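J.: Just to be clear, the model below is a prediction. Sequence and coordinates:
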Amino acid sequence: ERVTVALSGEGADEIFGGYARQRYDVALDRIGKVGRKLLPTAMLLAGRKSSTRFERRLRMTPGLERQLDWGRLFSSDEIERLVETPSVNEAAVHGPYAELARRWLEWADVDPVNGRLEADRCTFLPGDLLPKVDRMSMAHSLEVRVPYLDNEVVDLVLTLPGRLKQNLRRDKILLREVASGLLPEAGSLRRKRGFEVPIGAWLRGPLRPALTDLLSPPYLAGPGVLRVSEVSRLVDEHLAGGRDHGRALWSLMVLSRWLDRGGRQD
């Protein structure tokens, strides 16, 4: 009730290199085409089964497409199976991607680490993180400021080589080095902690009625956009416990509700 302004750490991962998926992508480049082909078998021998999504990334050519795939809920093939009558607005889909591809090439050829960070700065940061923080804070009359995204900070960090930001073993290298002189070791060396909610477990528990309602055949049949059989398969697999489709199903639930409220425009 007394706090009106707060500071957020948003942006640090995107400019200093804080995501594990960026290091995973570097590792996939390092092991080469043969290594990527043998990796699922090696994981199986070690008692770990690779996911379908991970195996798809192993088959992808290194570059922007694979980098973006780490953040996707659905592949192009999955979307085609889910949508009853696919119709694509080419300009809406490919226009932003073309600009991002151009910027990726500018960065990645010079410094692959900075190329990956640029992809996140152009997509994940403005398309997910910043709107989420802004909407939720404003809804509660709280002003949130993002010091890591100060123009002078960003302009300086963008000029630095990627090796100062991230390698296969360490993330946010430079930021942690700076913090080590200002914070206790427990703070400067602390592992990254996300804010993900256990949506998969919730959809099998307290949110199960909402799941089975919003993605039920009668509910989906009204708008006629999503293919009932494919959505039902995802629901059944998730509820059976064999697969975790939590994030994908939540996305489909939101879409289903939006369509029901008249969101579709032919």
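T.: Cool, got the structure. Numbers count the residues shown, from 1 in each chain.
J.: Show me where the stretch 51-200 of the chain has its helices.
T.: Taking DSSP state H, counting those that start in this stretch as the test, the helices found in the stretch 51-200 of the chain are 52-59, 64-69, 76-82, 90-108, 112-122, 124, 130-138, 151-158, 173-180, 185-188, 199-204.
J.: Tabulate those helices (JSON lines), appending mean pLDDT and distance to residue 258.
T.: All C-beta atoms are positioned from the backbone trio N, CA, C, and that covers glycine. Below are the helices of the stretch 51-200 of the chain laid out as JSON lines (pLDDT from 0 to 100; distance: least, C-beta to C-beta, whole Å):
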{"stretch": "helix 52-59", "mean pLDDT": "80", "distance to residue 258": "25"}
{"stretch": "helix 64-69", "mean pLDDT": "81", "distance to residue 258": "24"}
{"stretch": "helix 76-82", "mean pLDDT": "85", "distance to residue 258": "15"}
{"stretch": "helix 90-108", "mean pLDDT": "70", "distance to residue 258": "17"}
{"stretch": "helix 112-122", "mean pLDDT": "87", "distance to residue 258": "25"}
{"stretch": "helix 124", "mean pLDDT": "87", "distance to residue 258": "22"}
{"stretch": "helix 130-138", "mean pLDDT": "94", "distance to residue 258": "16"}
{"stretch": "helix 151-158", "mean pLDDT": "94", "distance to residue 258": "34"}
{"stretch": "helix 173-180", "mean pLDDT": "91", "distance to residue 258": "38"}
{"stretch": "helix 185-188", "mean pLDDT": "70", "distance to residue 258": "41"}
{"stretch": "helix 199-204", "mean pLDDT": "95", "distance to residue 258": "18"}
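J.: Return the most buried member of the ones you listed.
T.: Between the helices of the stretch 51-200 of the chain, helix 112-122 has the highest mean count of neighbours, a mean of 22, where neighbours are mean count of other C-beta atoms under 10 Å.
J.: packing partners for it?
T.: Packing partners of helix 112-122 (3 or more C-beta pairs under 8 Å, 6 or more residues apart in numbering; DSSP states H and E): helix 12-16, helix 20-45, helix 64-69, helix 90-108.
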